[in-house]
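**Q** mind folding the following:
(chains A and B)
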Protein chains: 2
Amino acid sequence: MSSNTSLPMDRLDVALGERSYPIHIGAGLLSSPEHLVAHLAGRQVMIVTNDVVAPLYLPALKETLNARDFDVREVILPDGEPTKTLASVERIWDALLAAGFNRRCTLIALGGGVIGDMAGFAAASYQRGVAFVQVPTTLLAQVDSSVGGKTGVNHPRGKNMIGAFWQPKAVIVDTDTLATLPARELSAGLAEVIKYGLIRDAAFLDWLEANMTALRALDGGAIRHAILRSCEIKAEVVAEDETEQGVRATLNLGHTFGHAIEAHQGYGNWLHGEAVGAGTMMAVRLSADRGWLSEADVERVAGVLEAAALPTVAPANMSAADFLERMRLDKKNLDDRVRLILLESLGQACIRDDTPADQLDRLLRDFSRR
Amino acid sequence: MSSNTSLPMDRLDVALGERSYPIHIGAGLLSSPEHLVAHLAGRQVMIVTNDVVAPLYLPALKETLNARDFDVREVILPDGEPTKTLASVERIWDALLAAGFNRRCTLIALGGGVIGDMAGFAAASYQRGVAFVQVPTTLLAQVDSSVGGKTGVNHPRGKNMIGAFWQPKAVIVDTDTLATLPARELSAGLAEVIKYGLIRDAAFLDWLEANMTALRALDGGAIRHAILRSCEIKAEVVAEDETEQGVRATLNLGHTFGHAIEAHQGYGNWLHGEAVGAGTMMAVRLSADRGWLSEADVERVAGVLEAAALPTVAPANMSAADFLERMRLDKKNLDDRVRLILLESLGQACIRDDTPADQLDRLLRDFSRR
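**A** Numbering: from 1, shown residues only, chains lettered A, B, ... in the order given. Below you'll find the predicted structure:
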């Protein structure tokens, strides 16, 4: 296989001092693995992937790495959010130990957000921390979960309750992998892309409204720009606040409601991005109720979410009480107050724990009635 | 209960930038909990302890904290190294989630090294990291495992294979707790105290030879000095090299052999400190074989270990092959070379991966024959 370093590629950096790392974005990066290889710590490489992604990309990647004399092993987990458990991470640890891998091994997360979160937590906790590289193959992972070092697994009592902040050594985004992504998962990724516009960049929101058709058709230029701008915003926020003491929480616009939906419906029945779409609509409605957004703003957000084929209402079978029960354990909450990410305007998020209880109640009842 | 802040107390700091923390050492600190309370992040407190320590110290500690309006919960695990598993850490996570504790909760590790390692890893991984305070009640934990942020659990394939570097907010050493410690566990702690002299402070080794009787009799002044000097050395080394890229590995003198002994005998049958005692003797013998120590030095080390009532020979049922098999997975190894901590002189450690295979073989056979 010939390498091709002249492919058009974007590069940006997540600036975290000695934990800084690059994000490479381009078409065909998986078949031109220089960027990946440069970040492998030693000769021992464990690829963590799932049974949907493995047939598509694993054989070629293994062959490339074997040809360069790496000792390559693999763990193939079932696809989907229900796999995101401690038991799966134990399978990764067991494989590392069975292979006799030491502290200089590298894990490669080849897959979507679930694989990245699990491989990242496995790396964070194996021998007190080894290297890992993110190779995200879904839009959601490419624009969001692969960047920023949040790793972990779900617990029966809540999403992402067990995990660590553990930064990758690099993120390698091959946009060609989106060609095999189901349309529903593409939409789920677009929910996070839209989020970046809403919380921090009104001009990007304008651009998304104008380019949603091109994005859903996987137009190469549009996709690259959407991923690049999303990663830029995420990298900025993470560099400001790595461990979410403040502004990083704004990346969770719609997620408090969204996590409640995911947990109530059973992980995997609503995709994360779909739940975030509905949750974003709820946060936007609440922001309007508080007087910060106009009805026209609300309609704009509904319009762009619908253009991305995302849900804008909560599941029909979910009551206000169902929401409240699930929201109580949200990681953003401190000292019994519900913290929510809201919008002061389109393009400007805020973190508020002063939502009047009756206003929240009315919102939840309204959304459960729809 | 009246507080008494005029108790004689030593304080030193582990200098790790924004992760710096104090170590408080004194008699009676548990019944005078100002130092502990100052480091609790919010109102939610989870005490992690074991079924031997709980009856001795838990009721008073809970009462003190309850009286100050903390929401105090507890997890009581079985005593001993066999408890140091992922399943125990899951019990802690489950208790935190059942209590609805958020990111501002604090875990208190009340017990020996096993409790500290597990509570620390539970804290490192709960909601991607919450605060914890070490309250070590064994000499070994007071001089070694509670300081420096190494946390984790054992895996059937090796000791401490799963874990994290996660620094406590404070270490509170109440030397009164040693009064209830079995003599065998006191000796185990002395193995680590002796280690500090061997790797970094020949004068401290002299002092230990002169004061071993006082230490074993729990003489207050001697105990405080031994703990203080041990913590000072540990804090220096950790501040230089938090994540063991270099010099921190010297703290593992005797541990590569010791871990092999523990794993082979079944965790808990040989105490960690006992295995380190025998392992130290092996490292010292090898250092002499390499020409760096004299036979008189070897005899001195044997003498001080024996004065501390520690074993200086390996278990009778362990073969050279048993050692090699267990040593292969040691975390210090890189790229298939066995890395060992040896002594260039008494008081000066070095990290070497160039031990000739035949010399190592002879050492293991000599020690298995004894």
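
**Q** hey, where'd the strands end up in chain A?
**A** Per DSSP state E, chain A carries strands over the ranges A:9-14, A:21-26, A:44-50, A:71-77, A:106-111, A:131-136, A:150-155, A:158-165, A:170-174, A:340-345, A:348-352.

**Q** can you lay out those strands as a markdown table showing mean pLDDT and distance to B:Glu74?
**A** In this view, the C-beta of every residue, glycine as well, is placed from N, C-alpha and C. Converted to a markdown table, the strands of chain A look like this (pLDDT from 0 to 100; distance: least, C-beta to C-beta, whole Å):
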| stretch | mean pLDDT | distance to B:Glu74 |
| --- | --- | --- |
| strand A:9-14 | 94 | 40 |
| strand A:21-26 | 97 | 40 |
| strand A:44-50 | 98 | 36 |
| strand A:71-77 | 98 | 35 |
| strand A:106-111 | 98 | 36 |
| strand A:131-136 | 98 | 35 |
| strand A:150-155 | 96 | 20 |
| strand A:158-165 | 94 | 20 |
| strand A:170-174 | 97 | 41 |
| strand A:340-345 | 97 | 32 |
| strand A:348-352 | 97 | 33 |
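
**Q** okay, and for chain A, where does confidence drop off?
**A** Across chain A, the ranges flagged by pLDDT under 70 are A:1-7, A:329-336, A:369-370.

**Q** near chain B, which residues of it?
**A** By C-beta under 8 Å from any C-beta of the partner chain, the residues of chain A that approach chain B are A:42-43, A:86, A:90, A:93, A:97-98, A:100, A:102-104, A:121, A:124-129, A:150-152, A:155, A:157-158, A:160-165, A:243, A:328-329, A:331, A:333-335.

**Q** got a quick PyMOL command for the buried subset of the residues you listed?
**A** Selecting only the buried entries of these in PyMOL, with 16 or more other C-beta atoms under 10 Å in any protein chain shown as the criterion:
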select buried, chain A and resi 42+43+86+93+97+102+103+104+121+124+125+126+127+128+129+150+151+152+155+158+160+161+162+163+164+165+329+331+333
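
**Q** now, the residues of chain A next to chain B that are in helices?
**A** Members of those lying in helices (criterion: DSSP state H): A:Leu86, A:Glu90, A:Trp93, A:Leu97, A:Ala98, A:Phe121, A:Ala124, A:Ser125.

**Q** so A:His272 sits right up against A:Ser187, yeah?
**A** No: look at A:His272 against A:Ser187 with C-beta atoms under 8 Å: they stay out of range, at 11.5 Å.

**Q** between the two, which has more neighbouring residues?
**A** Taking neighbours as other C-beta atoms under 10 Å in any protein chain shown, A:His272 and A:Ser187 compare with A:His272 leading, 27 against 23.

**Q** and that one, what does it touch?
**A** A:His272 makes contacts with A:Glu81, A:Gly113, A:Leu140, A:Ala188, A:Gly258, A:Glu262, as judged by C-beta atoms under 8 Å, 6 or more residues apart in numbering or on different chains.

**Q** now the fourth one: how far from chain B?
**A** As defined by C-beta to the nearest C-beta, to the nearest Å, A:Ala188 lies at a distance of 23 Å from chain B.

**Q** do I have it right that that residue meets A:Val143?
**A** No: at 10.7 Å, A:Ala188 does not count as touching A:Val143 under the criterion of C-beta under 8 Å.
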